[in-house]
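Asks: coords please:
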Amino acid sequence: MTAPTTLTAIHYLGAAILVLIALLAVACWWAYEAFERGSSMGRAELSKLRAGMNSANRNNNDLRRETVGLKNQLERTKSDYAQALEQQQLNHEQELQALRANLTPLSERDISTIGKMAEKLNLAANALHATGSFKESREAKNLASSGFRIVDDLNRARALQEAA
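Replies: Numbering: from 1, shown residues only. Predicted coordinates for the structure are as follows:
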């Protein structure tokens, strides 16, 4: 007797289990390959990030050195500017002393003459106003007040000069 060649449920179940194992093996292999591809892509990106970070650190160090150099240059410039300003002030004082030495001060007689001229202008302004020349009267009055102010300033300066 020969065994029947019909497939039983056990045969179908065994075949299904074998197919399932084969599918799981293929899925695991595919997942492992995908993981390796992703892992290698991550390594490449990590390598790029590290290279970028190293470049940024170098740039940062270069900028720090450049900043220190610029600060030093600024300090030197400040020092040079201070020396130049001091020299300019010294030159200015020397020129001022030379000018003062060449000028002759106004005498008391000169100051009183200017005061008398201002008084005469004031009188002339009143006379012009009486005759109806209002514009000329106003100009003479302004000149007289300027003359009085100049005399006061000169008297004050002369008193200060004598006190020194």
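
Asks: Does residue 79 lie in a helix or a strand, and which?
Replies: Per DSSP states H and E: residue 79 is located in helix 9-102.

Asks: Actually, residue 105.
Replies: Counting by DSSP H and E, residue 105 is found in no helix or strand.

Asks: quick one, what contacts it?
Replies: Shown in contact with residue 105 (C-beta atoms under 8 Å, 6 or more residues apart in numbering): 158, 161. Yep, even glycine has a C-beta here, placed from its N, CA and C like the rest.

Asks: Report pLDDT for it.
Replies: pLDDT for residue 105: 72.

Asks: Quick check: phi and psi at it.
Replies: phi -70, psi 160 (degrees, to the nearest 10).

Asks: next one: the helix holding residue 79 to chain centre, how far?
Replies: Distance of helix 9-102 from its chain centroid, counting by C-alpha atoms, centre = their mean, to the nearest Å, is 26 Å.

Asks: Could you look up the next helix or strand downstream of it?
Replies: Following helix 9-102 toward the C-terminus (DSSP H and E): helix 108-131.

Asks: Which strands and helices lie in contact with that next one?
Replies: helix 134-163 (3 or more C-beta pairs under 8 Å, 6 or more residues apart in numbering; DSSP states H and E).

Asks: and the angle from the helix it packs on to helix 108-131?
Replies: Using axes from the mean of the first three to the mean of the last three C-alpha atoms, to 10 degrees, one finds that helix 134-163 and helix 108-131 are set 160 degrees apart in direction.

Asks: Would you mark the buried spots in helix 134-163?
Replies: Under the neighbour-count criterion of 16 or more other C-beta atoms under 10 Å, helix 134-163 has 137, 140-141, 143-144, 147-148, 151, 154 buried.
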